[in-house]
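>>> coords below, sequence missing:
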């Protein structure tokens with residue numbers, strides 16, 4: 001079985017959204033999905049808006065992250081969630 005490393009970009013609804021709370025909720029959903037959340041990054045977008053990028057590892061056999069993206073996008077304070085990078089892990 002191969003593993004993939006996924007970068008998930010979460011866009012908050014406003015600049016006032018608490019990204020730490022979003023990180024905790026999204027990490028819980030990622031774990032339930034079968035992923036192992038690792039590093040997170042907060043990326044400035046524009047006009048004070050920042051995205052939350054979560055990097056996680058999951059089994060390639062799980063398939064698409066589309067269902068996970070929908071679950072995270074449905075959280076309070078989230079505008080959208082999208083897998084912006086998926087790479088097969090070597091080793």
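Ah, there it is. Just so it is clear, the structure is predicted and the values come from calculations on it, not from any experiment.
>>> helix, strand or coil for the nearest residue to residue 81 once chain neighbours are set aside?
Leaving aside its sequence neighbours, residue 81 sits nearest to residue 72 (Cβ to Cβ, 6 or more residues apart in numbering; 3.9 Å). (Each C-beta comes from the backbone N, C-alpha and C, glycine too.) Of the three states, residue 72 takes helix according to DSSP: H, G, I helix; E, B strand; the rest coil.
>>> Residue 72 - how many residues pack around it?
Under the neighbour criterion other Cβ atoms under 10 Å, residue 72 is assigned a count of 23.
>>> Relative to residue 5, how far out is it?
Using Cβ to Cβ, to the nearest Å, residue 72 is found at 17 Å from residue 5.
>>> again, but for residue 41
The value you get for residue 41 to residue 5, if Cβ to Cβ is used, is 14 Å.
>>> Overlap in contacts, the two.
residue 55 (Cβ atoms under 8 Å, 6 or more residues apart in numbering).
>>> which one of these two has more residues nearby?
The residue with more neighbours, out of residue 41 and residue 5, is residue 5; 17 against 12, by other Cβ under 10 Å.
>>> surely that one meets residue 55?
Yes. Counting by Cβ atoms under 8 Å, residue 5 does reach residue 55; the two are 6.5 Å apart.
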